[in-house]
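Trainee: Sequence plus the predicted model coming up.
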Amino acid sequence: MIGSLRAYARHRGCALRAVQKAIESKRITLTDGKVDFEAADRDWQKNTFAGASLGHQKAKEPSGAVQAPRVGPDPVGQYLAARAAKETYLAKEAQLRYEAAAGKLMETQRANEYASSFSQLIKDHLLALPDRLAPLLAATEDINTVRKLLITDIDGVLKKLHRAISDAGL
């Protein structure tokens with residue numbers, strides 16, 4: 001594909017100025033004032049330190065992923081990529097330790113136990129609603145009274161759930 005400098009910058013995932021500098025330093029060449037993307041990619045790879053543009057690698061990585069960027073056979077590039085992946089991993093690990101110490105995290109088993117007990121509490125109370133309210137609703141013809149009875153009972157279920165969550169220290 002042949003295109004403009006701006007289009008090539010978008011293709012590379014870098015700034016227009018980076019493409020302009022690559023042309024000025026003869027790392028890539030133009031063809032009739034345009035950029036041949038395939039040839040420019042090959043030249044960029046071959047003529048750029050560490051075998052890859054770090055900005056290009058950064059733009060292509062999914063956020064939150066700890067992956068070593070792909071680099072050529074250049075040992076310096078491989079070292080830098082491995083070190084970047086290691087530092088990213090260590091930073092994320094330190095963040096998790098901090099959040100655990102600050103009480104922002106809990107063990108999966110404990111969270112599952114809480115979720116199970118809370119869902120069981122809600123299930124039990126909601127399934128009991130018809131038996132509890134059917135006689136009262138059958139005897140009532142006023143829609144406002146029916147609505148008030150339903151809201152009162154549902155509010156009671158929500159208060160019990162809130163109390164259970166508070167008692168659990170969450």
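Mentor: Nice, thanks for sending it over.
Trainee: ends of stretch 24-43, how far apart?
Mentor: One end of stretch 24-43 sits 13 Å from the other (CA to CA, to the nearest Å).
Trainee: Contacts for that stretch next, please.
Mentor: With CB atoms under 8 Å, 6 or more residues apart in numbering as the test, stretch 24-43 has contacts from 1-5, 7-8, 11-12, 19, 22-23, 44, 47-48. Glycine gets a C-beta too; all of them are placed from N, C-alpha and C.
Trainee: ok, now with 6 Å
Mentor: Met1, Ile2, Tyr8, His11, Ala22, Trp44, Asn47 (CB atoms under 6 Å, 6 or more residues apart in numbering).
Trainee: Next, count neighbours for the third one.
Mentor: Residues near Tyr8, counting by other CB atoms under 10 Å, number 25.
Trainee: in what helix or strand does it lie?
Mentor: Tyr8 is part of helix 5-12, with elements assigned from DSSP states H and E.
Trainee: quick check, distance from that helix to the centre of its chain.
Mentor: 27 Å (CA atoms, centre = their mean, to the nearest Å).
Trainee: pLDDT (mean, whole number) over the following helix or strand past that helix?
Mentor: Following helix 5-12 in sequence order, the next helix or strand is helix 16-24 (DSSP H and E). Averaged across helix 16-24, the pLDDT comes to 89.
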